[in-house]
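> model this:
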Amino acid sequence: MRFPKSQWALAVVVSAFALIAAPEWQQTAPAPEVSTQEDVAVFQSKVTLIEVPVVVRDKNGKAVGTLRQEDFQLFDKGKPQVISRFSVEKSGGGKVIASVMASEAERAAEEKDKGDKGGSPPVIAPDHFVGLLFDDVHAKFADLVYARKAAQQFVASSLKPADRAAIFTTSGQIVLDFTDDRDVLNQTLMKLAPHPMGHETEMRCPAVSLYQADQMLNFHDALAIGVAVGDYLKCFPHSAYEAALAASLARARAVLEEGQHETFATIVSVKEVVRRMAEMPGQRTLILASPGFFLMPDQHQDEGPAIDLAIRSGVVINALDVQGLVAPAGFNAENGGFDLRKDTLDRNARIAQSDVLEDLTSGTGGKLVQNQNDLTAGVQRLGAAPEVFYLLGFSPQNLKTDGTFHSLKVSLNASLKTTTGLSVEARRGYYAPTHLATAEENAKEEITQALFSHDEMNDIPVEMNTRFFKASETEARLSVTSRVDVRKLRFRKADDRNVNDVRVVCALFDRNGIYVQSVSKTIQMRLLDGALQNDKLSGGISVRSDFTVPPGTYVIRLVVRDAEGETMTAQNSAVRIP
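Coordinates of the predicted model:
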């Protein structure tokens with residue numbers, strides 16, 4: 001599954017950091033002298049902060065937002081941790097951002113438009129992104145029909161103004177990026193159909209599942225072999241046992257080869273969708289609609305990176321078993337008989353297939369809905385963002401850089417839990433880093449996380465102004481000027497200079513929250529003593545970011561970070577280009 005190159009925001013942002021912007025006065029004249037400041041160590045020990053989103057629900061399933069920090073207990077590999085950061089977060093409302101106009105003529109036109117139409121509505125930045133991933137490789141047509149109806153009902157009744165939905169398939173045949181256009185979503189859902197990568201198993205005799213093939217060939221399981229041979233003899237009743245056995249084993253080998261490829265491709269598809277969703281600026285929920293699929297023992301190593309990527313990207317994976325309640329496989333409708341061997345094999349296969357759904361959901365703090373026929377209620381439950389949740393933060397002590405998985409457990413104080421009947425949904429764990437992050441890596445990670453968020457920070461005084469000019473009916477030039485006040489920043493003394501670098505990243509997102517493009521520049525300051533008291537710095541240092549875009553509504557995200565003090569400002573704005 002591939003997406004347009006313009007959508008891969010992370011790579012663009014990181015690679016653009018080499019751009020340099022310097023004030024005009026610094027290029028044309030030496031800075032005046034200043035007093036010296038205390039040196040700051042170049043190599044700093046940065047404490048790793050692990051953030052754990054937590055949803056607490058009452059017995060009716062409603063999110064509770066009245067708890068305090070002391071009501072929670074957090075364990076890392078069974079060891080209690082000190083909760084050093086605590087906040088109560090609300091979601092689903094959407095952040096209202098005032099749109100800006102540029103020139104006087106444009107402002108006058110906007111005022112006239114407001115008078116004619118009663119005022120233009122503010123821009124509501126989307127903050128909840130729901131990815132609907134349909135496993136069209138493993139699901140049957142009937143299962144996809146029921147899953148499609150459930151998704152259509154979710155789109156029609158549950159999408160809020162700040163929600164955006166996207167449709168993906170594990171085969172990669174159908175992809176619709178995030179949008180709030182319900183008609184387009186419905187049209188895309190109507191295109192869903194099975195796309196198995198190999199031969200349709202049930203159209204061949206004997207019908208052998210991947211789990212059954214694995215049991216037959218790798219474990220020489222008598223039950224699996226017996227069921228396959230019995231099915232073959234029902235298709236070809238005059239065949240000898242030896243011929244039936246040989247044909248069944250040959251069929252199992254073909255299924256094993258095809259099935260391994262299908263499951264690997266499915267896991268890769270999950271990773272690709274998670275990577276895509278990581279670029280969306282808000283809360284991210286992925287719903288995997290699948291009957292489940294069987295992973296070979298050596299394929300579980302492919303599943304781990306998908307879970308790791310989701311955890312690091314803040315993507316919660318929920319899963320819906322599209323099979324619902326299934327009749328026993330051993331039931332024979334023709335004579336009312338029951339084949340206990342076939343039923344036992346089928347139940348074991350279903351358990352093995354659902355294990356991967358359980359791993360993906362529990363590993364990312366998500367939920368699994370299975371063994372129920374009301375798929376509509378299941379999608380509604382999995383796609384709804386909690387109205388309120390808690391964000392707990394802790395710094396692991398003596399954390400080893402070995403990349404191992406750390407299981408997390410969040411619970412309420414015993415008295416609180418038993419007296420109120422509250423339940424807790426939380427992230428299941430995290431992966432330790434594989435190396436000590438450098439200052440450059442920390443900076444890129446912090447900027448990237450801030451860029452794909454709507455939270456505002458104001459550690460560094462920054463003023464943002466926006467102007468645009470329509471070159472034609474299909475093209476506009478947008479200019480964002482950021483004026484950074486650097487006088488209160490921390491500087492490091494190097495020789496006779498006061499050193500600090502300030503990174504200014506300006507990104508555009510369209511009205512659906514899809515990344516459009518970004519410009520990143522670095523203000524390199526190597527100031528002589530006294531420069532910070534110079535009047536030329538009183539107005540700040542201006543950095544301009546220019547974009548060429550088609551007319552439309554855009555959300556502007558500005559992130560400014562300095563290297564020495566590691567302080568940050570993040571601001572939002574919006575612009576409508578008619």
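
> look at the spatially most distant residue from the centre of the chain and give its secondary structure.
Among the residues of the chain, the one whose C-alpha is farthest from the average of all C-alpha positions is His238, by C-alpha atoms, centre = their mean at 55.7 Å. Following DSSP: H, G, I helix; E, B strand; the rest coil, the label given to His238 is coil.

> I'd like to know how far it sits from Ile225.
His238 sits at a distance of 20 Å from Ile225 (criterion: C-beta to C-beta, to the nearest Å). Bear in mind the C-beta positions are built from the backbone N, C-alpha and C, glycine included.

> check Gly131 too.
From Gly131 over to Ile225 the distance is 40 Å, taken as C-beta to C-beta.

> quick one, which of those two is more surrounded?
Taking other C-beta atoms under 10 Å, Gly131 and Ile225 do not tie; Gly131 has more neighbours (24 against 19).

> so who does the residue farthest from the centre of the chain touch?
By C-beta atoms under 8 Å, 6 or more residues apart in numbering, the contact list for His238 is empty.

> also Thr48?
Ser395, Pro396, Leu399, Pro433.

> what does Phe389 give?
Counting by C-beta under 8 Å, 6+ apart, Phe389 touches Pro53, Val54, Val55, Ala63, Gly65, Val88, Glu89, Ser91.

> helix/strand/coil for the spatially closest residue to Met197 that is not a sequence neighbour?
Nearest non-adjacent residue to Met197, counting by C-beta to C-beta, 6 or more residues apart in numbering: Glu262, 4.9 Å away. Here Glu262 takes the helix state, with states given by three-state DSSP.

> where's Glu262 relative to Ala310, distance?
Noted for Glu262: a distance of 21 Å to Ala310, by C-beta to C-beta.

> give me the more crowded residue out of the two.
Ala310 (26 against 22).

> any idea how far apart the tips of stretch 371-387 sit?
By C-alpha to C-alpha, to the nearest Å, the extent of stretch 371-387 from end to end equals 27 Å.

> residues contacting it, please?
For stretch 371-387, the external contacting residues (C-beta under 8 Å, 6+ apart) are 55, 57, 63, 65, 90-92, 128, 130, 146-147, 149-151, 153-154, 157-158, 163, 283, 285, 287, 289, 318-322, 324-325, 366-367, 369.

> which strand or helix spans Phe389?
For Phe389, the element it lies in under DSSP states H and E is strand 388-394.

> so for that strand, what gets flagged as buried?
Neighbour counts using 16 or more other C-beta atoms under 10 Å place Val388, Phe389, Tyr390, Leu392, Phe394 of strand 388-394 among the buried residues.

> now, which of these sits nearest Pro550?
Phe389 (36.5 Å; C-beta to C-beta).

> right, and the helix or strand after the strand holding Phe389?
Read in the C-terminal direction, the helix or strand following strand 388-394 is strand 405-412, with elements assigned using DSSP H and E.

> circling back to that earlier point, which residues touch the residue nearest to Met197?
Listed by C-beta under 8 Å, 6+ apart, the contact set of Glu262 reads Val137, His138, Pro196, Met197, Gly198, Leu210, Phe293.

> if we can go back for a sec, by neighbour count, which of the contacts of Thr48 wins?
Ranked by the number of neighbours (other C-beta under 10 Å), the contacts of Thr48 place Pro396 first, at 17 neighbours.

> distance check, Val130 against Val315.
With distances taken as C-beta to C-beta, Val130 is found 11 Å from Val315.

> in terms of neighbours, single out the busier of those two.
Neighbour totals were compared for Val130 and Val315, and Val130 leads with 28 against 24 (other C-beta under 10 Å).

> in CSV, list the C-alpha atoms belonging to the host helix or strand of that one.
Secondary-structure assignment from DSSP H and E places Val130 in strand 128-134. The C-alpha coordinates for strand 128-134 follow below in CSV (Å, rounded to 0.1, in the frame of the first residue of the first chain):
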residue,chain,number,x,y,z
HIS,A,128,-10.2,12.8,16.0
PHE,A,129,-9.1,10.6,13.1
VAL,A,130,-10.8,7.2,12.6
GLY,A,131,-9.1,4.8,10.1
LEU,A,132,-11.4,1.9,8.9
LEU,A,133,-9.1,-0.9,7.8
PHE,A,134,-11.0,-3.8,6.1
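
> and the contacts of that strand?
By C-beta under 8 Å, 6+ apart, the surrounding residues in contact with strand 128-134 are 91-92, 144, 147-148, 151, 159-160, 162-170, 174, 178, 192, 269-270, 273, 276-277, 280, 282-290, 383, 385, 513.

> can you flag which of those residues belong to strands?
Counting by DSSP state E, these place 163-169, 178, 283-290 in strands.

> mutual contacts of Val130 and Val315, please.
Residues touching both Val130 and Val315 (C-beta under 8 Å, 6+ apart): Thr285, Leu286.

> doesn't Phe469 lie inside a strand?
Yes: using three-state DSSP, the assignment for Phe469 is a strand.

> now it: closest residue in space that isn't a chain neighbour?
Leaving aside its sequence neighbours, Phe469 sits nearest to Arg477 (C-beta to C-beta, 6+ apart; 4.9 Å).

> any idea what that neighbour is bridged to?
Phe469, Thr548 (DSSP bridges).

> how many neighbours does it have?
Using other C-beta under 10 Å as the criterion, the residues surrounding Arg477 number 14.

> then Met190?
Neighbours around Met190, by other C-beta under 10 Å: 10.

> can you tell me the closest non-neighbouring residue to Ser354?
In this structure, Ser354 finds its nearest non-sequential neighbour in Gly292, 4.5 Å apart by C-beta to C-beta, 6+ apart.

> from memory the one you found sits against Ala349, does it?
No: counting by C-beta atoms under 8 Å, Gly292 sits too far from Ala349 to count as a contact (9.3 Å).

> of those two, which one has the most company?
When neighbours are counted by other C-beta under 10 Å, Gly292 comes out ahead of the other of Gly292 and Ala349, with 25 against 20.

> okay, buried residues for the helix or strand encompassing Ala310 please.
Counting by DSSP H and E, the element that carries Ala310 is helix 300-313. Judged by neighbour count using 16+ other C-beta under 10 Å, the buried positions of helix 300-313 are Asp302, Glu303, Ala306, Ile307, Asp308, Leu309, Ala310, Ile311, Ser313.

> what about the strands in the stretch 451-578 of the chain?
Shown for the stretch 451-578 of the chain, the strands assigned by DSSP state E, counting those that start in this stretch span residues 457-458, 462-470, 476-484, 492-494, 497-510, 515-528, 541-549, 552-562, 568-577.

> and the fifth one, what does it pack onto?
What it means is strand 497-510. Other elements packing on strand 497-510 under the criterion 3 or more C-beta pairs under 8 Å, 6 or more residues apart in numbering; DSSP states H and E are helix 9-15, helix 439-451, strand 476-484, strand 492-494, strand 515-528, strand 541-549, strand 552-562.

> try the first one
In terms of contacts (3+ C-beta pairs under 8 Å, 6+ apart), strand 457-458 is packed against strand 568-577.

> so for the strand it packs on, mean pLDDT?
For strand 568-577, the mean per-residue pLDDT is 92.

> check stretch 401-408 too.
Averaging pLDDT along stretch 401-408 yields 84.
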